[in-house]
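Trainee: Quick one: sequence plus predicted model below, questions after.
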Amino acid sequence: LEALAKLADAMPSSQVEYNRSDIDVATLPEDAPSNGLSIGDTIRTIAQNRSWAVLKNIESDPAYAAMLHELLSCIEPVIAPMTGPMLTMQGYIFVSSPNSVTPYHFDPEHNILLQLVGSKTMYAFPAGDARFASQEDHERYHAGSHRGLTWDDSFNDHAFVAPLAPGDAVLMPVMAPHYVVVDDQPSISLSITWRSEWSYRESEAHGANRWLRQRGFSPSMPPRWPDHAVLKSLAWRAARRRWERVRRAGSAGA
């Protein structure tokens, strides 16, 4: 814990997130209460302070970057034939008090969560199923909003339940809704993540859908793995490149 606290203290504020964790599954990120501590003290006193913390992009530290790339290189021969080249490899460390709740959300990366200390249970739901995360949820997120999702207690009837003890791991598919509950001891977990060409194309298709929806259309949900919305993805990339050129030209003219 002391090593993680020192790492957290050295990180810019944009790379750490922490709050009280005695909250409800339905809590949205902007509603999570502060614990009144620094990030370092949050981690040092995690056993007592009823908090949750994440250290983001740990690969910014050379030692953790080496660890991350060593771990990902071990699985690359299996993963690359499935997802294509492993892009934008990143790592996250989660430190949680006993009985912490990580509310319902989704993430854009291919993610393997490795449980190191303590135990927790992950409750996951089918990716791409509009019952658990609507098209509008996806489009809102890919426009820059938070990862939180609207929760309904009936969802639990459809959960994939993954109990994780030290040494266990679980693969979380891209944009699969999930929430996490920690057992009665402090927890430390490591997420090793990567993006793929497919995951970026899915993001771009949702971006294109948002643009179409704002103009009165009702676009269809992008297909799930391994299919992808080629035309929407390519059109959205071209549009973004054009907007970036226009923005740069405007800045130069000013």
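Mentor: Thanks, I have the structure now.
Trainee: quick one: the helices in the stretch 101-250 of the chain?
Mentor: 135-142, 197-213, 230-253 (DSSP state H, counting those that start in this stretch).
Trainee: which stretch in those helices has the least confidence?
Mentor: For the helices of the stretch 101-250 of the chain, the bottom mean pLDDT is recorded on helix 230-253, which sits at a mean of 66.
Trainee: can you give me phi and psi for residue 27?
Mentor: Here is the backbone geometry of residue 27 (degrees, to the nearest 10): phi -60, psi 130.
Trainee: Could you report the distance from the residue nearest to it when sequence neighbours are not counted to residue 51?
Mentor: Spatial nearest neighbour of residue 27, excluding adjacent residues (Cβ to Cβ, 6 or more residues apart in numbering): residue 103 at 4.5 Å. (C-beta placed from N, C-alpha, C; glycine too.) Computed with Cβ to Cβ, to the nearest Å, the distance linking residue 103 and residue 51 is 14 Å.
Trainee: Have a look at these two and say which one is more surrounded.
Mentor: It is residue 51, of residue 103 and residue 51, that has more neighbours when counted by other Cβ atoms under 10 Å, with 25 against 21.
Trainee: pretty sure that one is touching residue 21, no?
Mentor: Yes: distance between residue 51 and residue 21: 5.4 Å, which falls inside the contact criterion (Cβ atoms under 8 Å).
Trainee: which neighbours do these two share?
Mentor: Contact criterion Cβ atoms under 8 Å, 6 or more residues apart in numbering; residues shared by residue 51 and residue 21: 96-97, 100.
Trainee: Looking at these, spot the one nearest residue 194.
Mentor: Relative to residue 194, the closest of the shared contacts of residue 51 and residue 21 is residue 96; by Cβ to Cβ it sits at 23.4 Å.
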